[in-house]
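Peer 1: Pasting a predicted model and its sequence here:
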Amino acid sequence: MIHLSVNINKIATIRNARGGRIPNIVEAAINCQRFGADGITIHPRPDERHIRRDDVLDIKKVITTEYNIEGYPSESFTQMVLSVMPSQVTLVPDAADVITSCAGWDTINYLPFLKDKISVFQKNGIRTSLFVDPKIEIIEAAKDCGADRIELYTEAYASDYLIDKDKAIEPYILAAQKAYELGMGINAGHDLNLENLSFFARNIPQLNEVSIGHALISDSIYLGLENTIQMYKRLL
């Protein structure tokens, strides 16, 4: 079964736009799980423009499924993750000022850095995933880094899906096959939505998990959160 991890950053964005505690991010995590999500994903950024440090700790208390924390592995991020001990940490190469993730790791040139960071998390029993583009040499180097999983960066797939979906999925099929051969788990995320998710899942049989936030939370405004989560689950 492919797991659906719901990224609740956007709920925190709405809260922060007004201040206060509405919508309540902890209640959102509880409800997403109650409505069928297999996990909760957050991406706390240094400027706390959505998820704040206290959210990271508060959400941990209500997790009954899987907790996935994304972020750049700075020293402060590493210490925060170790203090929370989530199920999974997903390392992304984002600069502090980017709006959203826009590239995967160069696992070849950053191999020593990533290997050291991954070993710290793994020594503490935290599964580690690397956010990567669907390139064979990058996947091979991710294995050399010691990653338990990769998360395929799917923006290119989502963009090209509207033009030629068979061509759009091809590099992801090859990347997933290579990761599977190397013994790594396979996650995916970024711009997956109700239109393109099913085709992606059907063509990547080795897929373990998708992490979806922006599209799912946006759809829930019109369709309701419980209904939307179930719609995404059915596509998987």
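Peer 2: Yep, that arrived.

Peer 1: Nearest residue to the middle of this protein?
Peer 2: Centrality entry for the chain: nearest residue to the mean C-alpha point is S211, 4.3 Å, by CA atoms, centre = their mean.

Peer 1: who's in contact with that residue?
Peer 2: Contact analysis of S211 by CB atoms under 8 Å, 6 or more residues apart in numbering lists 5-7, 39, 41, 68, 70, 90, 151, 187-189. Yep, even glycine has a C-beta here, placed from its N, CA and C like the rest.

Peer 1: swap in R18?
Peer 2: Here R18 is in contact with no residue (CB under 8 Å, 6+ apart).

Peer 1: got the phi/psi numbers for the nearest residue to G185 once chain neighbours are set aside?
Peer 2: Among residues not flanking G185 along the chain, R149 sits closest, at 3.7 Å (CB to CB, 6 or more residues apart in numbering). When read as degrees, to the nearest 10, the backbone of R149 gives phi -140, psi 160.

Peer 1: Can you give me the distance of R149 to T65?
Peer 2: Distance of R149 to T65, given as CB to CB, to the nearest Å: 17 Å.

Peer 1: Same question for G224.
Peer 2: Here G224 is placed at a distance of 20 Å from T65 (CB to CB).

Peer 1: now A215
Peer 2: For A215 relative to T65 (CB to CB), the value is 20 Å.

Peer 1: Between the two, which is the more surrounded one?
Peer 2: Using other CB atoms under 10 Å, the more surrounded residue of A215 and T65 is A215, with 21 against 18.

Peer 1: Got phi/psi on the nearest residue to Y180 once chain neighbours are set aside?
Peer 2: Spatial nearest neighbour of Y180, excluding adjacent residues (CB to CB, 6+ apart): Q206 at 4.3 Å. The phi/psi pair for Q206 (degrees, to the nearest 10) reads phi -80, psi 0.

Peer 1: cool, G20 as well?
Peer 2: The phi and psi values for G20, taken as degrees, to the nearest 10, are phi 80, psi -150.

Peer 1: same deal with the one 10 residues further on?
Peer 2: Note on I30: backbone dihedrals following degrees, to the nearest 10 are phi -60, psi -50.

Peer 1: That one against K61, yeah?
Peer 2: No - I30 is beyond contact range of K61, at 10.0 Å (criterion: CB atoms under 8 Å).
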